[in-house]
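> model this:
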Amino acid sequence: MHRPCSASRHEAPRESCGVFGVFSPGEDVARMAYFGLIQLQHRGEESAGIAVTGGGKLKLHRGMGLVMQVFDEDTLALLGGDAAIGHNRYSTMGGSHPANAQPLLTPVPGFGANLALGHNGSLVNAPELRQRLNAAGIHLESTTDSEIIAKLIALEADTAPTFQDAIRAAASACQGSYSLTMLTDGLGPGDREGRLLALRDPWGVRPLCIGELDAGRCVIASESCALPVLGARLVREVERGELVIVGRDGLRSVQLLEPQRPALCVFEFIYFARPDSVIAGVLLHQARRRMGHALAAEHPAAADLAIPVPETGWPAAIGYAEAAGIPLGQGLIRNRYIGRTFIQPDQRMREQGARLKYASLHQEVEGKRLVVIDDTIIRGTTKAQTVGLLRDAGAAEVHVRITAPPYRYPCFYGVDTSARGTLIAARASCLDDIRREIGADSLGYLSADGLVRAVGLPRESLCMACLEGEYPIEVSDELLAQKTALEQPG
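Presented below is the predicted three-dimensional model:
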């Protein structure tokens with residue numbers, strides 16, 4: 001089992017997963033899902049999987065690692081069908097091991113069918129739902145809340161009149177965030193046609209969009225950046241509480257659950273999503289560039305050079321340099337492969353953790369006053385190492401600018417920050433304490449108002465719980481949604 005070492009863990013929050021689906025009879029749908037997942041690799045690097053349906057059968061291949069590590073020509077050749085779903089995972093509930101890789105495959109005896117499911121998000125009532133399944137004598141093979149959703153659908157199918165009703169009953173019991181792609185090998189004993197389904201929770205916390213290849217052929221993806229590689233065009237987003245069903249008779253939409261207050265995660269705009277994705281009509285690159293403009297207005301600095309923390313800091317750094325009228329440069333080079341190392345560093349190397357992840361360009365930064373643009377500070381350890389790395393390279397001053405307000409509260413909706421005591425902004429008594437801890441000459445966070453203006457969506461449509469502590473979906477005091485909440489036997 002691979003777990004990233006402490007030195008290689010990213011300072012920014014980790015998002016849970018990427019989901020993908022395609023319905024395109026007569027095409028190599030497994031290969032299409034493979035390329036879609038590569039475009040969504042940034043949403044999860046721990047495991048990957050693809051399920052296909054066709055001819056009344058469901059087939060599945062999944063494994064630990066990156067998409068290109070899990071699949072080759074031989075495995076893809078075995079996955080023929082009319083539709084496929086794919087999944088990239090970063091664990092937030094349930095650890096990083098093979099049993100938790102997705103998609104998950106679940107029999108649905110009530111309809112004589114099978115269901116494959118991929119999930120992006122996190123359920124806040126997962127322990128209670130697990131107890132319900134245990135009481136019904138249902139065995140869980142993984143420790144994820146994703147399997148809970150699949151098994152709930154199978155349980156409800158024992159009494160529900162239709163597959164759609166079973167999904168509605170199961171989804172109604174789930175509290176939290178879920179953007180789902182699903183496959184069936186039929187809707188009952190007399191129906192062996194495979195179908196692609198997609199469902200988004202009533203709050204719309206995690207993104208999910210619909211793309212079109214041509215008439216009757218459809219793509220579902222966490223982000224629109226997965227569409228162009230297949231020649232698909234963005235049609236629209238899956239709406240809050242909407243179930244999309246795609247088969248040979250075309251795409252059908254059902255308002256399965258009543259929409260709640262919209263709560264799209266603001267960190268999709270700050271960090272999670274790729275800059276070439278469009279979410280809620282907003283191109284992420286442009287939003288992040290506007291964040292840089294706002295940062296320069298709110299927190300100017302007398303500096304010689306603006307540099308990003310690679311890779312996510314680039315658009316905001318461009319914006320900051322434009323607004324501040326200072327040159328944009330590159331002072332740090334990121335090692336793209338550090339997150340996948342299987343060799344743990346010894347203690348001496350762990351203390352030099354930033355050097356495993358970044359290399360500095362001495363000639364670019366030596367003697368210069370730097371403004372360093374990044375998306376957030378979570379624990380503070382990596383940021384302190386990065387500032388130290390730039391000072392060791394000869395930087396005269398290091399001014400840190402963050403494109404979000406202080407991250408003070410844990411997320412329970414699919415992000416790997418669940419213990420408030422680990423968040424530097426929660427335990428620091430003032431901004432200057434954070435500045436001293438990371439070793440910067442100055443520190444500036446973008447204001448909440450500046451962030452909302454840069455995103456360009458109404459504040460009431462966004463979830464900003466991690467920044468402001470107001471949770472749109474109720475979280476019990478008992479749960480506190482630890483990553484391993486389901487690791488203990490039920």
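> Gln164 contacts Gln255, doesn't it?
No. Using C-beta atoms under 8 Å, Gln164 makes no contact with Gln255, being 11.4 Å away. Bear in mind the C-beta positions are built from the backbone N, C-alpha and C, glycine included.
> so for those two, which residue has more residues nearby?
Gln164 (16 against 12; other C-beta atoms under 10 Å).
> just give the nearest non-adjacent residue to the more buried one, would you?
Excluding the flanking residues, the one nearest Gln164 by C-beta to C-beta, 6 or more residues apart in numbering is Val254, at 6.4 Å.
> repeat that for Ser24.
Nearest non-adjacent residue to Ser24 (C-beta to C-beta, 6+ apart): Arg217, at 4.3 Å.
> roughly how far is stretch 393-406 from the heart of the chain?
The chain centroid and the centroid of stretch 393-406 are separated by 26 Å, computed with C-alpha atoms, centre = their mean, to the nearest Å.
> give me the neighbour count for Ala99.
13.
> wait, a helix at Leu117?
No. Applying DSSP: H, G, I helix; E, B strand; the rest coil, one finds Leu117 to be strand, outside a helix.
> could you give the bridge partners of it?
Beta-bridge pairing for Leu117 (DSSP bridges): Leu104, Met182.
> doesn't Ala150 make contact with it?
Yes. The pair Leu117 / Ala150 is scored as a contact, 4.4 Å apart, by C-beta under 8 Å.
> name the element Asp432 belongs to?
helix 431-438 (DSSP states H and E).
> what helices and strands are in contact with that helix?
helix 381-392, helix 424-427, strand 442-445 (3 or more C-beta pairs under 8 Å, 6 or more residues apart in numbering; DSSP states H and E).
> swap in 6 Å and give it another go.
Packing contacts for helix 431-438, counted by 3 or more C-beta pairs under 6 Å, 6 or more residues apart in numbering; DSSP states H and E, involve helix 381-392.
> specify the angle between the helix it packs on and helix 431-438 in degrees.
Interaxial angle, helix 381-392 versus helix 431-438 (axes from the mean of the first three to the mean of the last three C-alpha atoms, to 10 degrees): 70 degrees.
> on that earlier part again, and the helix or strand encompassing the residue nearest to Gln164, which strands flank it?
Taking DSSP H and E as the criterion, the element that holds Val254 is strand 250-255. Strand 250-255 has the following strand partners under DSSP bridges: strand 242-247 (antiparallel).
> can you list contacts of the strand it pairs with?
23, 193, 195-200, 218, 238, 252-256 (C-beta atoms under 6 Å, 6 or more residues apart in numbering).
> returning to that earlier point: who touches both of Leu117 and Ala150?
Leu104.
> tell me where the stretch 201-350 of the chain has strands.
209-214, 217-221, 233-237, 242-247, 250-255, 264-265, 278-279, 282-283, 305-308, 332-334 (DSSP state E, counting those that start in this stretch).
> before we move on, the earlier item: so the residue nearest to Ser24 bridges to which residues?
According to DSSP bridges, beta-bridge pairing links Arg217 with Asp214.
> from what I see, it and Pro25 are in contact.
No. Between Arg217 and Pro25 there is no contact under C-beta atoms under 6 Å: 7.9 Å.
> of those two, which one has the most company?
A direct count of neighbours by other C-beta under 10 Å for Arg217 and Pro25 places Arg217 higher, at 21 against 14.
> ok, back up a step: since we're on the residue nearest to Gln164, how many residues are nearby?
Neighbours around Val254, by other C-beta under 10 Å: 15.
> now the angle from the strand holding Val254 to strand 233-237?
Using the same axes, to 10 degrees, strand 250-255 lies at 20 degrees relative to strand 233-237.
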